[in-house]
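Trainee: Structure of the sequence below:
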Amino acid sequence: MKGDTGMTHTWDALKAFGFRPDAGVVSDIRPGLCFDLGDLTLAASAVVGRHFNEVVLFTGALMTSRRMAEIEFEMPRQVESGEQCAAWLAWNLDKYHVADSGQRTTPEWLSLGRNHQHLLPWVAEAAAYSARPQCSMDRDLARVVLKKLRAALAAVPPDTEVCFSFDGDVLKIRFGQELIAASASGERWKHHYRIEAGKLAKVPARLMQPFVTISCWQTSLRIANRLYSGVIESVE
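Mentor: Sure, this is the predicted structure:
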């Protein structure tokens, strides 16, 4: 089921879930696949998607005594794991309230997927963003800190390395031997974050919110409502 890249082929995962061959399903990989959910026969086709990339297209007609709905969604040809494949299927089917359609039984892969929604790329990214390194301080204190930061930036060459760190109590902004430190609240950062002074243009002066947040995400640093690119994560 795992490819050379360590990814799982969606097609293989579907067959492991019990999707059966169906010669009536048009697909680049023949035969296509289908799964009987009772009030819905879900068909899987390997096709070129709407954005001209290779996908697995799922289609079907949900028909109950109360409603009818056309099912259609896409998945990539490869996923990180069988559990992620199941989660992707469950997330899409639940949008159509397939769980309420009166299917005879709930297949194991549908229950598996509902228990692994955290593996979906957009859910995992949202969780990682929520857990990003960040700290906040009172606006009055932040004004003092940022005023010192603007003055320090004006006095050093643009290639000077500026290091941001937070130990759970104190935010430290270091320029070589110079240090700006202030009390802040938040979880301790596991890493330090470095950026060139020249990339910290227009440090905010007007602070509209009662608390000011400083955070790091991927290669960017955010101070209040300003975003600065070019951050490097380091361990000290």
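Trainee: low pLDDT regions in the protein?
Mentor: In the predicted model, the chain carries pLDDT under 70 at residues 1-5, 65, 99-105, 236.
Trainee: the longest helix in it is where?
Mentor: Using DSSP state H to assign secondary structure, the helix with the most residues in the chain is helix 139-154.
Trainee: wait, Glu196 sits on Val162?
Mentor: Yes: between Glu196 and Val162 there is a contact under Cβ atoms under 8 Å: 7.2 Å. (Each C-beta comes from the backbone N, C-alpha and C, glycine too.)
Trainee: Which of these two has more residues huddled nearby?
Mentor: For Glu196 versus Val162, neighbours defined as other Cβ atoms under 10 Å are more numerous around Val162 (25 against 17).
Trainee: Please list all residues in contact with that one.
Mentor: Contact analysis of Val162 by Cβ atoms under 8 Å, 6 or more residues apart in numbering lists Leu153, Ile173, Arg174, Phe175, Arg194, Ile195, Glu196, Ala197, Leu200.
Trainee: Equivalent analysis for Gly49, please.
Mentor: Val55, Leu57, Glu74.
Trainee: taking those residues one by one, which sit in strands?
Mentor: Among the contacts of Gly49, the ones falling in strands (DSSP state E) are Val55, Leu57, Glu74.
Trainee: From the residues you listed, pick the one nearest Phe35.
Mentor: Ranked by distance to Phe35 (Cβ to Cβ), the ones in strands among the contacts of Gly49 are led by Leu57 at 14.1 Å.
Trainee: Give the next helix or strand downstream of the one helix or strand Ile195 maps to.
Mentor: Here Ile195, judged by DSSP states H and E, is contained in strand 192-196. Counting by DSSP H and E, the next helix or strand C-terminal to strand 192-196 is strand 211-217.
Trainee: before we move on, back to that, mind listing what's buried in the longest helix of the chain?
Mentor: Under the neighbour-count criterion of 16 or more other Cβ atoms under 10 Å, helix 139-154 has Ala142, Arg143, Val145, Leu146, Lys148, Leu149, Ala152, Leu153 buried.
Trainee: my guess is Arg50 contacts Glu74, does it?
Mentor: Yes: if you go by Cβ under 8 Å, Arg50 and Glu74 touch, sitting 7.5 Å apart.
Trainee: Comparing the two, which shows the higher neighbour count?
Mentor: A direct count of neighbours by other Cβ under 10 Å for Arg50 and Glu74 places Glu74 higher, at 16 against 9.
Trainee: how far away is the more buried one from Gly113?
Mentor: Distance from Glu74 to Gly113, counting by Cβ to Cβ, to the nearest Å: 16 Å.
Trainee: pretty sure Gly82 is touching Lys15, no?
Mentor: No: in this structure Gly82 lies outside contact range of Lys15 using Cβ under 8 Å: 10.8 Å.
Trainee: So between these two, which is more surrounded?
Mentor: Applying other Cβ under 10 Å to Gly82 and Lys15 shows that Gly82 carries more neighbours, namely 21 against 15.
Trainee: Now do the contacts for the more buried one.
Mentor: With Cβ under 8 Å, 6+ apart, Gly82 has these contacts: Met1, Thr8, Ala13, Ala16, Phe17.
Trainee: Next step: these restricted to helices.
Mentor: Among these, the members found in helices (DSSP H) are Ala13, Ala16, Phe17.
Trainee: count of neighbours near the last one?
Mentor: Looking back up the chat, that one is Phe17. 19.
Trainee: what about it, distance to Val56?
Mentor: 12 Å.
Trainee: now swap in Glu196 and tell me
Mentor: Distance, Glu196 to Val56, by Cβ to Cβ: 44 Å.
Trainee: how's the protein carved up into domains?
Mentor: 8-119, 134-234 (automatic domain parsing).
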